[in-house]
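J.: fold the following, please.
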Amino acid sequence: MSTHNEVAHAWAHQTGRHRKGFNMFYEGDTIYSYGHHFPIARLVQTDEGTVVLFTTRTYSVSTSKHKTYTARAVAHLKTFRVEGVTENWWGIHNVQDYLRRIQDILQKAKRARVYGDWHMREAMSLIQEAQDYIRLFKVEGFESFNWDPDAIVEGVREAARIHAEKQSEQERIRKEEARRNFRENIWPNMKRWLRGATGTQLRIHTSRPLPRIVDDRVETTWGATVPLEMAKRMYWIAIRCRREHQEYVPKTSIRVGDFHLTRIKANGDLVVGCHDIPFWFMRYAACLKGIPDAQPQA
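T.: As a prediction, this is how the structure comes out:
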């Protein structure tokens, strides 16, 4: 078993196809920390010779040490510090990450009282690295890009705005599709179930338990059942909570079937064990069965 330093240097000089340490190894042109899920760096042949793609990602204290050993081993090679070292990251993805990092450093330079010049030099160095990366890896789309620091900040902001708008539109479409699916596919079955229909095609899965009345019991979409008489008493208390805008928390334990009443919210929602039952579905079930809004006087 090789030491991690030995693994790093063997990889950097490509002395053998495979070399493993305790938690660090390389295969071919790529060196890894712990497993294939975390490639540290990759040697890439370009028109200007061998360069190193070195990940900016982090994972653990041990992986940080592995990255240190690796960086020392390739100190003699031109290195690009990028987010991803695998081929699917080589194009626009890594350039976008460069721009984000450059923007962050430029913002620090503007805010800094002491180290502003240092941050600006760091930003200019990273700008040059990004330009070299684009040239060597032939990343298209940046032929007329304005690399002036102020323009980069504004450009990244504009790209972020466009990305946010695109995500917002995608989210709007997703929600509209979910609403359409609910109206056309889910709600018709749910409504039949709430009205007492049975059948394997009516197995309802809901994020909150919904009730229905079947004979002398109330059952929910989560599979719980309670006696109807007890459920009616809880329902009447819920109505009073809504009218008085007051939450009800029992002072002593109240058993509801196999469960215990936790509380009734000011909006009438009933919390029994892990069940949080919406008031308006309780009311829907009660109306279907003609249950009054108040307990009849004896």
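J.: so, low pLDDT: which residues of the stretch 1-150 of the chain?
T.: 1, 17-20, 112-116 (pLDDT under 70).
J.: now do the helices in the stretch 151-298 of the chain.
T.: Taking DSSP state H, counting those that start in this stretch as the criterion, the stretch 151-298 of the chain contains helices spanning 187-194, 228-244, 279-288.
J.: next, the buried residues of the longest one.
T.: Buried residues in helix 228-244, defined by neighbour count with 16 or more other Cβ atoms under 10 Å: 228, 230-232, 234-239, 241-242. Any C-beta I mention is one placed from the backbone N, CA and C, and that applies to glycine too.
J.: ok, back up a step: could the helices of the stretch 151-298 of the chain be laid out in JSON lines, adding mean pLDDT and distance to residue 58?
T.: As requested, those are exported to JSON lines (pLDDT from 0 to 100; distance: least, Cβ to Cβ, whole Å):
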{"stretch": "helix 187-194", "mean pLDDT": "85", "distance to residue 58": "46"}
{"stretch": "helix 228-244", "mean pLDDT": "92", "distance to residue 58": "51"}
{"stretch": "helix 279-288", "mean pLDDT": "93", "distance to residue 58": "47"}
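J.: any chance of CSV for those, columns distance to residue 99?
T.: Output for those, formatted as CSV (distance: least, Cβ to Cβ, whole Å):
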stretch, distance to residue 99
helix 187-194, 46
helix 228-244, 54
helix 279-288, 49
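J.: which of those sits closest to residue 144?
T.: Smallest distance to residue 144 across the helices of the stretch 151-298 of the chain (Cβ to Cβ): 52.2 Å, for helix 187-194.
J.: quick one: the closest one to helix 279-288, angle?
T.: 60 degrees (axes from the mean of the first three to the mean of the last three Cα atoms, to 10 degrees).
J.: what residues are up against residue 232?
T.: 286, 291, 295 (Cβ atoms under 8 Å, 6 or more residues apart in numbering).
J.: count of neighbours near the second one?
T.: If I follow you right, that is residue 291. Using other Cβ atoms under 10 Å, residue 291 has 17 other residues around it.
J.: hmm, it is touching residue 235, no?
T.: Yes. Using Cβ atoms under 8 Å, residue 291 makes contact with residue 235 at a distance of 7.1 Å.
J.: mind listing what's buried in stretch 49-65?
T.: Neighbour counts using 16+ other Cβ under 10 Å place 51-55, 63 of stretch 49-65 among the buried residues.
J.: now the end-to-end length of that stretch.
T.: End-to-end span of stretch 49-65 (Cα to Cα, to the nearest Å): 27 Å.
J.: please apply the same query to stretch 108-120.
T.: This stretch, stretch 108-120, spans 9 Å end to end (Cα to Cα).
J.: got it, and stretch 209-224?
T.: Terminal-residue distance, stretch 209-224 (Cα to Cα): 9 Å.
J.: cool, and stretch 209-218?
T.: Terminal residues of stretch 209-218 lie 12 Å apart, using Cα to Cα.
J.: how much space between residue 190 and residue 212?
T.: Distance from residue 190 to residue 212, counting by Cβ to Cβ, to the nearest Å: 10 Å.
J.: quick revisit: adding distance to residue 129, write the buried residues of helix 228-244 out as JSON lines.
T.: Listed next are the buried residues of helix 228-244 as JSON lines, based on distance: Cβ to Cβ, whole Å:
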{"residue": "228", "distance to residue 129": "73"}
{"residue": "230", "distance to residue 129": "71"}
{"residue": "231", "distance to residue 129": "68"}
{"residue": "232", "distance to residue 129": "72"}
{"residue": "234", "distance to residue 129": "67"}
{"residue": "235", "distance to residue 129": "68"}
{"residue": "236", "distance to residue 129": "71"}
{"residue": "237", "distance to residue 129": "68"}
{"residue": "238", "distance to residue 129": "64"}
{"residue": "239", "distance to residue 129": "68"}
{"residue": "241", "distance to residue 129": "64"}
{"residue": "242", "distance to residue 129": "63"}
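J.: of all those, which comes closest to residue 218?
T.: residue 231 (4.2 Å).
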